[in-house]
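Engineer: Sequence and computational prediction follow.
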Amino acid sequence: TDDVTAINNAITAAFNAGGGTVNLPPGDYRVSSYVLLKTGVTLKSYGGATITQANAANLTVLVSFSGAPDSVLDGVTVDGNRANNTDNSNVVLVYTTDTARASVVNCTVVNSCGYGIAANGSHFRALGNTVTNCRETGIAAFCADVGGATDAYPVILRNTISECAHAIIVGDANFSTIRD
């Protein structure tokens, strides 16, 4: 089954209610198109929830924060299912673009044909994630100013990155915090 509609409908309902948290129960959620986070919404798992790219879906983005400030992905495993999808290095499993204050927290991101987590926006946060088996970079932050922001300060803390061509790349940041 394809679970993307149910997940996106729950995110939209939280957004329409003014924001909030969508709890993703334990399970494997197969998707053939991307999950779209919205402004002020947190998609959270307390353990055991995996969003997996469906076989032969060949997506370029699996979880998108496009234009969704103050959104959070927390505790979710995101699996690119690399063995069953085209080896395309432009793939990003978790992608924030034109977004301020997006956060990826305590997630596991695995099996990408390209990047694990990539951000383009101000005040991006990657905290406590595990990124493994990405053909390209584990975490990339290109922090262009968004929405009139005058600064772009990514914070990348306590992440574990392995089996990726590059661990972390940061560009266009006024200042960044990267450690542990």
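Structural biologist: Good, I have the coordinates. Numbering: from 1, shown residues only.
Engineer: contacting residues around Gly47?
Structural biologist: 26, 75 (C-beta atoms under 8 Å, 6 or more residues apart in numbering). Glycine gets a C-beta too; all of them are placed from N, C-alpha and C.
Engineer: mind checking the SS state of it?
Structural biologist: Look at Gly47: counting by DSSP: H, G, I helix; E, B strand; the rest coil, its state is coil.
Engineer: ok, it to Asp28 distance?
Structural biologist: Per C-beta to C-beta, to the nearest Å, Gly47 is found 13 Å from Asp28.
Engineer: which residues in this protein form helices?
Structural biologist: For the chain, helices defined by DSSP state H occupy the ranges 4-16.
Engineer: shaky segments in this protein?
Structural biologist: 87-89, 98-99, 143-152, 172-180 (pLDDT under 70).
Engineer: Quick check, central residue of this structure?
Structural biologist: Geometric centre of the chain, nearest residue: Val94, 2.5 Å, by C-alpha atoms, centre = their mean.
Engineer: Return the set of residues that bridge with that one.
Structural biologist: Beta bridges link Val94 to Val63, Ile117 when assigned by DSSP bridges.
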